[in-house]
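Student: let's see this in three dimensions:
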Amino acid sequence: MLILCIVVSFSDLLISWDVFISQNLMTTRIVGGFLILISASIYLMEVLKSDKLLTFHKSLPFWITFGALIFYLTTIPIFIFKDYLYNSKSYAYTIILNISNYFLYSCFIIGFILNAIEYNKNKRDIKLKT
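Tutor: Modelled structure (predicted):
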């Protein structure tokens, strides 16, 4: 998937070199988003099949994957229909993008906090055993 993303990025860069500085490369963003969705889905399927099913919500990779999955599920359609949403009089583009960013970084924060709590708990348990 990484090689596919690199190939798509370079080809998009070569095709739209004139707008590289002034605009985002939408094809790269959309293909990259789909590849992240596929990777997140594979990770979540592995978690569901593993023995860590009861404690997966305490792990940092779960919260990062969950936040990225929801973020890209909401922003890919926004980027596809950007011209229609951005030019309309409503602020749907900005509102959805802001809410998606808040959700993504909230998931990161929750993951870091839960991971720190779990790390300190394990560290304390190891110290008590010795």
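
Student: can you get me a residue count around Val31?
Tutor: For Val31, the neighbour count with other Cβ atoms under 10 Å is 20. Where you see a C-beta, it was placed from the backbone N, CA and C, and this is true even at glycine.

Student: could you look up the SS state of it?
Tutor: Following DSSP: H, G, I helix; E, B strand; the rest coil, the label given to Val31 is helix.

Student: not counting sequence-adjacent ones, nearest residue to it?
Tutor: Among residues not flanking Val31 along the chain, Val8 sits closest, at 4.6 Å (Cβ to Cβ, 6 or more residues apart in numbering).

Student: check the gap between the residue most central in space within the chain and Phe62 for me.
Tutor: Centroid check for the chain by Cα atoms, centre = their mean gives Ala68 as the closest residue, at 1.9 Å. Relative to Phe62, Ala68 is positioned 11 Å away (Cβ to Cβ, to the nearest Å).

Student: for Pro77, same thing?
Tutor: From Pro77 over to Phe62 the distance is 24 Å, taken as Cβ to Cβ.

Student: between these two, point out the one with more neighbours.
Tutor: Counted by other Cβ under 10 Å, Pro77 and Phe62 do not tie: Phe62 has more neighbours, with 20 against 13.

Student: so which strand or helix has that one?
Tutor: Under the criterion of DSSP states H and E, Phe62 resides in helix 60-80.

Student: hey, C-alpha coordinates of that helix in PDB?
Tutor: What follows is helix 60-80, C-alpha atoms only, in PDB (Å, rounded to 0.1, in the frame of the first residue of the first chain):
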ATOM      1  CA  LEU A  60      -2.900   3.800  22.000                       C
ATOM      2  CA  PRO A  61      -2.900   2.200  18.500                       C
ATOM      3  CA  PHE A  62      -6.600   1.500  18.800                       C
ATOM      4  CA  TRP A  63      -7.400   5.200  19.600                       C
ATOM      5  CA  ILE A  64      -5.200   6.500  16.800                       C
ATOM      6  CA  THR A  65      -6.700   4.000  14.400                       C
ATOM      7  CA  PHE A  66     -10.200   4.800  15.500                       C
ATOM      8  CA  GLY A  67      -9.700   8.500  15.200                       C
ATOM      9  CA  ALA A  68      -8.100   8.300  11.800                       C
ATOM     10  CA  LEU A  69     -10.800   5.900  10.600                       C
ATOM     11  CA  ILE A  70     -13.600   8.300  11.500                       C
ATOM     12  CA  PHE A  71     -11.700  11.300  10.300                       C
ATOM     13  CA  TYR A  72     -11.100   9.900   6.900                       C
ATOM     14  CA  LEU A  73     -14.700   8.500   6.600                       C
ATOM     15  CA  THR A  74     -16.000  12.000   7.100                       C
ATOM     16  CA  THR A  75     -13.400  14.100   5.200                       C
ATOM     17  CA  ILE A  76     -13.000  12.000   2.000                       C
ATOM     18  CA  PRO A  77     -16.500  12.900   0.800                       C
ATOM     19  CA  ILE A  78     -15.900  16.500   1.800                       C
ATOM     20  CA  PHE A  79     -12.700  16.600  -0.300                       C
ATOM     21  CA  ILE A  80     -14.400  15.000  -3.300                       C
END
